[in-house]
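**Q** could you look at this predicted model? Sequence included:
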Amino acid sequence: MKIKWPLVWMGLVSGLIPAMCLAEDSVPLSLTLSQAVDYALAHHPSIRSQRAVEEGSIAGVEQARVGYLPDVEASQMLDRAAQSHNPPGLYLPMPGFPAFEGPRNSGSFGPSAWNSGTSIYIDENVSGLLRQMNIVDATLAKRQQAAAGLTAQRLLVAYGATDAFMAEVAAVQTVRATKAGVERAHVFETAVHGLVASGMRPGADESRALAALALARNQEIAAEQNEQVAQATLADALGITGDERIETADSQLFAQLPQIPSFTGVAPGNPFLRQFAAGIKSSQSLERAAGYEYLPRLDVVAGIFGRGTGLTFSSAVPGPGSGALPNAFNWAAGVVFTIPIQQLFAARADIHAAAANVRLAESQYGETALQIKDQLDSAQAMLRGAEKIAANIPLELGAARATWNQNNSRYRAGLMTVLDVADAQQLLTQAEVDNAVARVNVWRAMLLVSRAAGDLAPFFTLYRQTAQRSH
């Protein structure tokens, strides 16, 4: 069988191209915090949905501005009808019935002819412009609200990605600390086994050492499980749907205790407050627009009309195309003043509903401001607590290591029990775990304060400064 090599190469290339595209779009295995946040802002679906909301609000502004334009209608009509008579009398306009035109003619049916009509009609509701201006103001406020909502969503996504990134860092450090605890427990169990085998220690000591080793392994398993959960949370925060594993490239930065900046309170451009402030502005504009419904309608109208017909009242026979084009023109212009009685009752209800929406928007703004203040106070309290714990960690870790070394040495000399050594082992492992996450918790508390204030810039400024000092 002869192999068609061109077809084979085409198949290989067609198979490699999608794989190369996937490789280009895939997430790098190693990400810094800045890269992780940039990826989340570019790929998280919640930002795309909020951006669609903003685009819809822009279209709403364009649609509202169309209301400034007058109603302009252009019509062209062509029909062929019989020359029937018009009975005298007054008839109300009814859908589906043509208008009666021309003088009375004898007979029910007669010869048919072409009839044509052309019109251009312009109508501008002058008094309605005031209402339309407030409707446009309301849609502009809605656009500002959507823009603030997009900013708020970007802040939430950036916060979620950053917090999940640091949670992964803390989880990895915890796994390392528990692994060190397992290694110490294993070395101690081996030493106890030798002492028991030589008859220098009772067999119960070996059982207790084995129990301490099993407990250390359980701590390691739990830490690994938490790290897997943190890895999944990080992937979700970045908007990753694949099975890529993310490694935190600059995790060593969070092992440094940062210089805590001074926080002055809620950021002036807090997007959550701006979002609800724009909602208040929009509701107020709609309330003013509802008030203008009480105004009578004042229309300025103008039109140009043309008619043509092949029907005649003489004995002359019209041509075959007579009436197909307008041959008689007229124009009209004037002012129409209308008092819509029913609309006056509807306007009252509209004003009450709009006023209720204003009160609702104002209460939502106040509730949001209260929640932000509570979040900021809680975050600052967590930051102060994390600082104190991080400052106390060296004392805890040093004392735990000294206790472990002393108890281990004294046990080998026969001056301590195996229970004392096992307790010291657990204490040292817990101290190393606390030491691994204490500084990361300070960073996370700072992030939480920035999130509550509505501006992550201070946090990332400190992050970049720390990165520069480390290099």
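**A** Perfect, thanks for sending it. Numbering: from 1, shown residues only.
**Q** could I get the full set of strands for the protein?
**A** Applying DSSP state E to the chain gives strands spanning 30-31, 71-82, 112-125, 247-248, 297-309, 328-338.
**Q** can you lay out these as JSON lines showing mean neighbour count?
**A** For glycine as for every other residue, the C-beta is placed from the backbone atoms N, C-alpha and C. Formatted as JSON lines, the strands of the chain follow (neighbours: other CB atoms under 10 Å):
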{"stretch": "strand 30-31", "mean neighbour count": "16"}
{"stretch": "strand 71-82", "mean neighbour count": "11"}
{"stretch": "strand 112-125", "mean neighbour count": "17"}
{"stretch": "strand 247-248", "mean neighbour count": "16"}
{"stretch": "strand 297-309", "mean neighbour count": "16"}
{"stretch": "strand 328-338", "mean neighbour count": "10"}
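**Q** nearest to F276, of these?
**A** Smallest distance to F276 across those (CB to CB): 33.1 Å, for strand 112-125.
**Q** and the strands of the chain: which comes nearest A413?
**A** Between A413 and the strands of the chain, the shortest separation by CB to CB is 43.4 Å, and it involves strand 247-248.
**Q** got the contact list for that closest one?
**A** The contact list for strand 247-248 (CB atoms under 8 Å, 6 or more residues apart in numbering) reads 29-33, 165, 168-169, 172.
**Q** with stretch 196-207 instead?
**A** 189, 192-193, 195, 414, 417-418.
**Q** change it to 10 Å
**A** Stretch 196-207 is contacted from outside by 189, 191-195, 208-209, 411-412, 414, 417-419, 421-422, using CB atoms under 10 Å, 6 or more residues apart in numbering.
**Q** shaky segments in the stretch 301-450 of the chain?
**A** Counting by pLDDT under 70, the stretch 301-450 of the chain has low-confidence residues at 312-318.
**Q** surely T338 and L344 touch.
**A** No - T338 lies out of contact with L344 (CB atoms under 10 Å); the separation is 11.9 Å.
**Q** identify the contacts common to the two.
**A** Common neighbours of T338 and L344 (criterion: CB under 10 Å, 6+ apart): P296.
**Q** mind checking pLDDT for F97?
**A** If you check F97, the pLDDT there is 65.
**Q** oops, could you answer that again for H471 instead?
**A** Looking at H471, the pLDDT reads 66.
**Q** please renumber so the chain begins at 22
**A** Taking 22 as the first residue, the last one we looked at is H492.
**Q** just the helices from the stretch 22-171 of the chain, written as ranges.
**A** 26-46, 54-64, 66-86, 149-218 (DSSP state H, counting those that start in this stretch).
**Q** just the stretch 222-371 of the chain next, same as before
**A** Using DSSP H, counting those that start in this stretch, helices in the stretch 222-371 of the chain cover 224-259, 292-312, 362-433.
**Q** tell me what angle the longest one forms with strand 318-330.
**A** The one in question is helix 362-433. Counting by axes from the mean of the first three to the mean of the last three CA atoms, to 10 degrees, helix 362-433 lies at 120 degrees to strand 318-330.
**Q** now swap in the shortest one and tell me
**A** Using the same axes, to 10 degrees, the inter-axis angle of helix 292-312 relative to strand 318-330 is 70 degrees.
**Q** likewise for the first one?
**A** Using the same axes, to 10 degrees, the interaxial angle of helix 224-259 with respect to strand 318-330 works out to 50 degrees.
**Q** thanks again, I'm all set now.
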